[in-house]
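Student: show me the folded form of this:
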Amino acid sequence: MRIVKRNEKAATRAPSRKVARVATAKSATMTGLTGFAIDVSEPVGRKAFAALTQNRGSFQGFAAGAAANVKKLDPETAARTYLNQALESDAVKKFARPAIETGTSDFQSLGTETVPLTGTTIVKFRQTFNKIPVYGSLVTVELDKGNECLAISSSLGTPKGVRHVATVSPVEALKVAAKESGCTVGSMNQTPRLYYYFDQDNVTWCLAYIIEDVARRKRKMTDRLDFDAPLKDYVVDAHSGRLLAALPRTATMAVVQEMVMDALKHKRKITVEAIAGGKKQLHDAVLNVTTYGFDFKDPTAQSGQLPGTLYSKPPGTWPLEAVGAHANGSAVAMFLRNIVKRNNIDNLGGEMISTVNCWDRAEGTTPAKQWRNAYWNGTQMVYGQIQFPDGSFYSIASMLEVVGHEMFHGVTDHTSRLEYRTQSGALNESYSDIFGTIIANFSKPLKKWVWEIGAGFDGPGTALRSLSDPNLHSQPKTMSEYHAATPPYTYDRNDYGWVHDNSGIHNFAAYNIMTTSASGKYLFTPAQLAAMFYIALTVHLSRTSQFVDSRRAVVQATRSLFRNESGSALTQKVRAVERGFSAAGIL
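Tutor: Numbering: from 1, shown residues only. Purely as a prediction, here's the structure:
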């Protein structure tokens, strides 16, 4: 979400052949979902997949001849068949099709994607009962180029005792969201979706409507809600009409090339666009990165005026804050395209917009124009600035690790969509810290990496967070120090379950992995680390994933990336990941 906590002082700390098992894992008590993973690169998985392959001919899910030649199947059909066989076969222990009173699980395809980093194909499925999806559920099936199954990972739920027919209409659900957000029903322009939803506050399954990405009505600055996220998902009980949750979605940064100086006195190469009349503007048409100014207006109260005024010249020169935002936004775009093979934040080449010189009055009006924050608002980056004693301003957009952090919230929004509360919210923050760190340090040897986020944010020698030692900035370092919170999880009561604090635990796990050495050298290269955490975030995590789910996700990503290495080399890398999480108490 935002780079720092807002108003920090106000917060207080058909029946299948196998019997479906009841979720007992610790993660299931938080989200109602139980995780499972199996991979051909580890002994148990190798044995299970060998048995499945041997028994293909007797499994009716394979069409005539398909068992002998899976190459002829399309990836989705092959993946679905492997999934069904694994669910029904005793060869895959602890993996069974969940069942409730009205029947067993089915699985809705979420699409197929090729992962350039591994050269494999991923097919994703969402769990359903009675054609109603289970919120946060996810199954990923990984295939090689010959359509052979390499891995299956899942997060599945068993919503027993829930009536699957809604008694509240979609319009009534919209009215609840409208009342809470201050919007009109017509302005939301969507039909609510039904889900089986695990209510974390009451630790129970229910049937609920989800109304996504609702932009809140502008409110007076004296209204406490105006300190909160401007974009939310609303969850409404489909039987009682009660609001179950308001989940923040706002994560809280002709071609001409020029060499310019940024605020840190570094020479930066930026790409701008030539327009009529001999002018240039801060738009990189190749990377689709654009930079605007907001003249110190309020990005929340005056959000309708975003993105602001596109920087152009002549007259004058490019302002330092605009140079930093444009150069750093372009650096993130190039990292996405060249290192993790993603086409901008939305993976469709969509425009990456930054707006500098923003001033959110709800976070303070003294000194004037200072706003020590930045955030992704669901569609673009907005940046504040810090005032120095001499009266000059330093834009937060000048910090590459902060820009990378905030823009990766956008990647999360377009992929796993991690819920912004409790452990899933801490993961949301941590993955942004991880990628902010990787992006800012990528060109340097690992031994010279800076592990602080926002170094110098409050003057020389200060920082916002540290991956190497979260305790330096009042964050927990291991699960024994976890900051627990009781519902309701709100911004001003407990920072949505201490998401900015508890992110330190997952950050420390990542630091342990990144700095693992063997034979006097670092075990992983920067590109490998980026790939491992990127695949974990975008392929294996879902809305309600917990720390233990991330451990499983990074292990799965590691197995996928290095499965062609020798058995000993792969084992060494997997164990390094497991040790990294274990050192943070994520077991």
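
Student: so which residues of the chain form helices?
Tutor: Applying DSSP state H to the chain gives helices spanning 26-31, 43-54, 75-88, 170-181, 185-188, 320-338, 400-414, 422-441, 491-514, 526-535, 547-562, 567-583.

Student: mind putting the ones you listed into TSV with distance to A455, mean neighbour count and mean pLDDT?
Tutor: Yep, even glycine has a C-beta here, placed from its N, CA and C like the rest. Listed next are the helices of the chain as TSV, based on distance: least, Cβ to Cβ, whole Å; neighbours: other Cβ atoms under 10 Å; pLDDT from 0 to 100:
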stretch	distance to A455	mean neighbour count	mean pLDDT
helix 26-31	33	18	63
helix 43-54	42	15	94
helix 75-88	44	21	95
helix 170-181	37	19	94
helix 185-188	41	13	84
helix 320-338	15	24	96
helix 400-414	8	26	95
helix 422-441	9	27	97
helix 491-514	15	26	95
helix 526-535	18	22	98
helix 547-562	25	24	98
helix 567-583	23	17	97
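
Student: adding distance to H473, write those out as TSV.
Tutor: Output for the helices of the chain, formatted as TSV (distance: least, Cβ to Cβ, whole Å):
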stretch	distance to H473
helix 26-31	25
helix 43-54	39
helix 75-88	43
helix 170-181	33
helix 185-188	39
helix 320-338	22
helix 400-414	14
helix 422-441	11
helix 491-514	8
helix 526-535	21
helix 547-562	19
helix 567-583	19
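
Student: of those, which is nearest L306?
Tutor: Closest of the helices of the chain to L306 is helix 320-338, at 13.9 Å (criterion: Cβ to Cβ).

Student: what angle do helix 422-441 and the closest one make with each other?
Tutor: On the basis of axes from the mean of the first three to the mean of the last three Cα atoms, to 10 degrees, helix 320-338 is oriented at 100 degrees to helix 422-441.

Student: ok, now how distant is the residue located most distally from the centre of the chain from S154?
Tutor: Distance from the C-alpha centroid of the chain, by Cα atoms, centre = their mean, peaks at G277 (42.6 Å). Counting by Cβ to Cβ, to the nearest Å, the gap from G277 to S154 is 58 Å.

Student: correct me if wrong: T291 contacts S330.
Tutor: No: look at T291 against S330 with Cβ atoms under 8 Å: they stay out of range, at 9.4 Å.

Student: nearest the geometric middle of this protein, what residue?
Tutor: When Cα atoms, centre = their mean is applied to the chain, the residue found nearest the centroid is T412 (2.7 Å).

Student: still on that earlier bit, nearest to R97, out of the helices of the chain?
Tutor: Nearest to R97 among those is helix 75-88 (4.4 Å), distances taken as Cβ to Cβ.

Student: got a list of what Y394 touches?
Tutor: By Cβ atoms under 8 Å, 6 or more residues apart in numbering, the residues touching Y394 are 263, 385-388.

Student: tell me the pLDDT at it?
Tutor: What the model reports for Y394 is a pLDDT of 90.

Student: ok, now R217?
Tutor: For R217, pLDDT reads 63.

Student: that older thread, and the helices of the chain: which comes nearest Y209?
Tutor: Proximity to Y209, assessed across these by Cβ to Cβ, is greatest for helix 170-181 (3.9 Å).

Student: can I get that closest one in CSV, CA atoms only?
Tutor: Extracted C-alpha coordinates of helix 170-181, given in CSV (Å, rounded to 0.1, in the frame of the first residue of the first chain):
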residue,chain,number,x,y,z
PRO,A,170,-27.3,-8.2,-6.1
VAL,A,171,-28.9,-4.7,-6.1
GLU,A,172,-29.3,-4.8,-2.3
ALA,A,173,-25.7,-5.8,-2.0
LEU,A,174,-24.7,-2.8,-4.2
LYS,A,175,-26.8,-0.5,-2.0
VAL,A,176,-24.8,-1.7,1.1
ALA,A,177,-21.5,-1.0,-0.7
ALA,A,178,-22.8,2.4,-1.9
LYS,A,179,-23.8,3.4,1.6
GLU,A,180,-20.4,2.4,3.0
SER,A,181,-18.4,4.1,0.2
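
Student: packing partners for it?
Tutor: Packed against helix 170-181 by the contact rule (3 or more Cβ pairs under 8 Å, 6 or more residues apart in numbering; DSSP states H and E) you find helix 185-188, strand 204-215, strand 231-237, strand 243-248.

Student: save these as JSON lines, and put in distance to T104 too.
Tutor: Formatted as JSON lines, these follow (distance: least, Cβ to Cβ, whole Å):
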{"stretch": "helix 185-188", "distance to T104": "34"}
{"stretch": "strand 204-215", "distance to T104": "16"}
{"stretch": "strand 231-237", "distance to T104": "25"}
{"stretch": "strand 243-248", "distance to T104": "26"}
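
Student: most tightly surrounded among these?
Tutor: Of these, the one with the most neighbours on average (mean count of other Cβ atoms under 10 Å) is strand 231-237, at a mean of 23.
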